[in-house]
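**Student:** What shape does this take:
(one chain, ligands or ions: 1)
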Amino acid sequence: MSLDDVKVSRAIIERFTAKLLDGLEADVAIVGGGPAGLTAAYCLAKADKKTVLFERKLSIGGGMWGGGIMFNEIVVQAEGKAILDEFGVKTVPHEDGYFCAGAVEAVSTLCSAACKAGATLFNCISAEDVMLTEGRVTGLVINWSAVEVARLHVDPITMRSKYVVDATGHAAEIAHVLQDKAGVQLNTPTGKIVGERPMWAEVGERMIVENTREFFPGVFCSGMSCNAIYGAPRMGPIFGGMLMSGKKAAEMILEKL
Ligand code: 48F
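**Tutor:** Now for the predicted structure:
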């Protein structure tokens, strides 16, 4: 068999276009492919909900690849270990109830599990805005990340979803769109993004699960964005809270769907 260069190109274009077209209507659209977004995507897709995830970068995985200061090991507590066990990620006990896992194994396994469960993952696409209809978020406005990086004046496209998850990490980008652009009140004590607090892992890990909520009609936060939105501490290279928050966001959305 001879390989025809143009046929190869056509295969990619046809397959990707079909995937993108299909992804324009979903039950849940997740923004951000870090540990929280990936865990949420896995749990939702496993429950047969149509789930799409948009990640700005070329690689999915967010801040988990680098562990702490690029020492590519992560730490989880017992509850986090239970979720890694479910994914089949190997953990080794350390001390005082801490467990370690290889960051590369953890990211690649979460990513694979989300895909195999049926979630559709798009890389190199950024959510730059939301669709806001009658006081509720009804979808996302997306564009190629390359357009964003090159600051090109290119209009985006829209996708509709019953729920959106802001899993954008420290930046809480979807919350910022709602606050800064739409000027709406968020479901926080001040009605605004409270802002992330300095490092305190013990409190941060607890609060991130508590702060996993619907912070505006149609939008849940998951992962570090929760603590940024509700004003709780960061926690460094311990990742159990991210996994638990992803799972909780999925469970809360499943109750509503
Ligand atoms: O930052 P990230 O890993 O968020 P997370 O899942 O986990 C946080 C930890 O990695 C770490 C930590 C642990 O203690 O604090 O930081 O909450 O993943 C967020 C992903 O969202 C992408 C971004 O590139 C990253 O991969 N992202 C952010 N904004 C957008 C986006 C956007 N507007 N559109 C698409 N992707």
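
**Student:** The ligand contacts on the stretch 1-150 of the chain?
**Tutor:** If contact is defined as C-beta under 6 Å from any ligand atom, the residues of the stretch 1-150 of the chain in contact with the ligand are 31-37, 54-57, 62-64, 126-127. Placement of C-beta: from N, CA and C, glycine included.

**Student:** Buried members of those residues into PyMOL, please.
**Tutor:** A single PyMOL command is used to select the members of these judged buried by 16 or more other C-beta atoms under 10 Å:
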select buried, resi 31+32+33+34+35+36+37+54+55+56+62+63+64+126+127
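
**Student:** Filter the residues of the stretch 1-150 of the chain next to the ligand down to just the ones in helices.
**Tutor:** Restricting those to those inside helices, with DSSP state H as the criterion, leaves 35, 36, 37.

**Student:** which of those lies closest to the ligand?
**Tutor:** When those are compared for distance to the ligand (C-beta to the nearest ligand atom), residue 36 wins out at 3.4 Å.

**Student:** Settle this for me: the closest one is touching residue 167, isn't it.
**Tutor:** Yes: with contact defined as C-beta atoms under 8 Å, residue 36 and residue 167 form a contacting pair (4.6 Å).

**Student:** which neighbours do those two share?
**Tutor:** Contact with both residue 36 and residue 167 is made by residues 222, 223, 225, 246, 249, according to C-beta atoms under 8 Å, 6 or more residues apart in numbering.

**Student:** count of neighbours near the second one?
**Tutor:** The reference is to residue 223. 34 (other C-beta atoms under 10 Å).

**Student:** how long is stretch 188-200 end to end?
**Tutor:** Between the start and the finish of stretch 188-200 there is a gap of 21 Å, counting by C-alpha to C-alpha, to the nearest Å.

**Student:** How about that stretch, which residues are buried there?
**Tutor:** 188, 193, 194, 196, 197.

**Student:** Show me where the protein has its helices.
**Tutor:** The residue ranges that make up the helices of the chain, judged by DSSP H, are 5-22, 35-46, 78-87, 103-117, 145-150, 173-176, 201-210, 224-230, 240-256.

**Student:** want to try TSV for these, with mean pLDDT as columns?
**Tutor:** Compiled in TSV, the helices of the chain are given as follows (pLDDT from 0 to 100):
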stretch	mean pLDDT
helix 5-22	97
helix 35-46	98
helix 78-87	97
helix 103-117	98
helix 145-150	97
helix 173-176	98
helix 201-210	97
helix 224-230	98
helix 240-256	98
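
**Student:** Can you redo those as CSV, where the extra columns are distance to residue 139?
**Tutor:** Below are the helices of the chain laid out as CSV (distance: least, C-beta to C-beta, whole Å):
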stretch, distance to residue 139
helix 5-22, 14
helix 35-46, 16
helix 78-87, 29
helix 103-117, 20
helix 145-150, 18
helix 173-176, 12
helix 201-210, 26
helix 224-230, 18
helix 240-256, 15
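
**Student:** Ok, which of those helices comes nearest residue 157?
**Tutor:** Taking C-beta to C-beta as the criterion, helix 5-22 is the member of the helices of the chain that comes nearest to residue 157, at 8.6 Å.
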